[in-house]
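Novice: next come a sequence and a model predicted from it.
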Amino acid sequence: MPVMWTELAPGDRAHLMRAVFATEAALRNLLQPLTLKMNLASLGNLVPHVHWHVIPRFADDSHFPQAVWGARQRDDAARVRPERFEDALAARLAGEPGAPA
């Protein structure tokens with residue numbers, strides 16, 4: 001099982017990045033983060049694996065302007081609407097007009 005980006009086949013890397021970009025676009029359109037700010041991170045410090053974090057940022061999010069894994073600055077505002085996100089992501093991945101390739 002690949003655990004590093006360079007171990008993925010080129011087609012698999014392209015497929016995974018398409019999913020990352022679709023996730024970012026769906027979250028951005030649904031939640032309207034601060035100046036369309038999104039944090040993208042690929043981490044895997046303890047357990048070898050490939051994954052991404054796609055994090056919309058808001059002026060009143062619990063850690064802003066620090067990194068989301070840093071010290072909490074305040075209580076968070078509730079925003080997540082999972083059912084709408086699933087629909088938005090599915091539309092992006094299905095290649096609806098205006099969806100990222």
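Specialist: Looks like it came in fine.
Novice: pretty sure residue 23 sits against residue 55.
Specialist: No: at 10.4 Å, residue 23 does not count as touching residue 55 under the criterion of Cβ atoms under 8 Å. (Each C-beta comes from the backbone N, C-alpha and C, glycine too.)
Novice: all strands of the chain, in order?
Specialist: Ranges of strands in the chain, per DSSP state E, are 38-41, 53-56.
Novice: who are the packing partners of the first one?
Specialist: Other elements packing on strand 38-41 under the criterion 3 or more Cβ pairs under 8 Å, 6 or more residues apart in numbering; DSSP states H and E are helix 10-31, strand 53-56.
Novice: same question, the last one
Specialist: The helices and strands touching strand 53-56, judged by 3+ Cβ pairs under 8 Å, 6+ apart, are helix 10-31, strand 38-41.
Novice: deepest-packed of the ones you listed, please.
Specialist: helix 10-31 (a mean of 16; mean count of other Cβ atoms under 10 Å).
Novice: state the mean pLDDT of that one.
Specialist: Regarding helix 10-31, the rounded mean pLDDT is 89.
Novice: go ahead and name everything in contact with the lowest-mean-pLDDT helix or strand in the chain.
Specialist: Using mean pLDDT, DSSP states H and E, helix 82-94 stands out as the lowest-scoring helix or strand of the chain, at a mean of 81. With contacts defined as Cβ atoms under 8 Å, 6 or more residues apart in numbering, helix 82-94 is touched by 18-19, 22-23, 25-27, 29-30, 99-100.
Novice: and the spatially most central residue of the chain, what does it touch?
Specialist: When Cα atoms, centre = their mean is applied to the chain, the residue found nearest the centroid is residue 54 (1.8 Å). Counting by Cβ under 8 Å, 6+ apart, residue 54 touches 20, 23-24, 27, 38-40.
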